Structures are given as C-alpha cells and as structure tokens.
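Asker: Show me how the following folds:
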Amino acid sequence: MSEQQSEKLPFMEKAVLWDKGNYIADFEEGKEFNHHWGRTLNAGDNSLYCALTQMYNPQYFNVEYAKEKGHKGIVVAPMLVFNTVLGLSVEDLSMRGPFVSINDCVFHRPVYEGDTLTSRSTVLKRRYSESRKGQAIVTWKTEGFNQNGELVVSYERSNLLFL
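Answerer: This next block holds a predicted model:
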C-alpha cells in the first residue's frame, strides 16, 4: 500500500454506506410516494438539452417564435420535462432493479423556463415472478407538477425489482 493510500484509509473506515431505495415489500398497491425536493428547469438546462438531443423546434429556443405560437415564453422540451420527473422518482422507486417499460405518457401542459417540477408516484400493481424467485415487476403511475400544482406530465412505469 502506498503512503497516499494509507493516508486515505482512516477516512474510508469512517465512511457509512447508506442503504438507498425501497424493497419489493415496500410497494403495496395504492401506496403513494411524494418524491423529494423538486427541480427548477432553467434556460441553460433547456438550451443544453436541445443542443445535445438535436431538438430543432424553435419554440424550445426562440422566444419570439414561441410567443407567436401562443406561449408566454420559451417552452421547455417535453422530453426534458419527462426525464426530470422520472429522475425525481428514481431514489424512491427503482434503485433496486432494471427498467422494464413506460406506457401511457401524456404531456398535459407546457413547462416554461423557470418552472419548478415536483412528482408523485402511486403503486398500481406488484407481481411476484414465479420463474425468478425473489423478484417482482412493480408498476407505478407517476405524475409531474409545476410550481402551481398543475399536472404537466403523467405516465405508467414498470421495473423489475430484487428482494
């Protein structure tokens, strides 16, 4: 062991591994999860997302065009809205297994730069696997809201979870 590595060891011994995520048994049908904090989407988030994903719809980056189309300002790219709401739910819902599907995704109203998104998920069903003991597919309905409590996106999502 090098001298630098031995100097780091006392810190590593003090580190505490936090158990994150919920277990299959925590997902009873009807249980609601109000996901933490929320996230304000700013102009930089939207511009970077549009550039990286080649979203060329001018309402996502041209304020005058967006206003001509009846918006109060630049519209945040809907897939950025979806990904943000999904990301807010990960720690509560899906840290213990892989993604299976997204269904019935609906964008209810536009999100604008400066809006703050929060999300809530409700367990729709939990099905234990007969062929893979200790595993289950859990399905949730997730809803994303703006700072005014208005529904902006909703979808159903399933993950394969492990005990």
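
Asker: I'd like the distance between residue 72 and residue 50.
Answerer: Using CB to CB, to the nearest Å, residue 72 is found at 18 Å from residue 50. No exception for glycine: its C-beta is placed from N, CA and C like everyone else's.

Asker: Between the two, which has more neighbouring residues?
Answerer: When neighbours are counted by other CB atoms under 10 Å, residue 72 and residue 50 differ, and residue 50 comes out ahead with 19 against 10.

Asker: measure the more buried one to residue 158 for me?
Answerer: Residue 50 sits 29 Å away from residue 158, going by CB to CB.

Asker: Residue 80 now?
Answerer: Separation of residue 80 from residue 158 (CB to CB): 22 Å.

Asker: Over to residue 14?
Answerer: From residue 14 across to residue 158, the span is 39 Å (CB to CB).

Asker: Tell me which of those two has more neighbours.
Answerer: Shown here are residue 14 and residue 158; by other CB under 10 Å, residue 158 has more neighbours (18 against 7).

Asker: host element of the more buried one?
Answerer: Here residue 158 sits within strand 151-162, counting by DSSP states H and E.

Asker: One more: residue 45?
Answerer: Following DSSP H and E, one finds residue 45 within helix 43-53.

Asker: what's the next secondary structure element after that helix?
Answerer: Past helix 43-53, the next helix or strand by DSSP H and E is helix 63-68.

Asker: which strands and helices sit next to the helix or strand following that next one?
Answerer: Going down the chain from helix 63-68, the next helix or strand is helix 78-93, by DSSP H and E. Counting contacts by 3 or more CB pairs under 8 Å, 6 or more residues apart in numbering; DSSP states H and E, helix 78-93 packs against strand 32-34, strand 39-40, helix 43-53, strand 99-107, strand 116-128, strand 135-145, strand 151-162.
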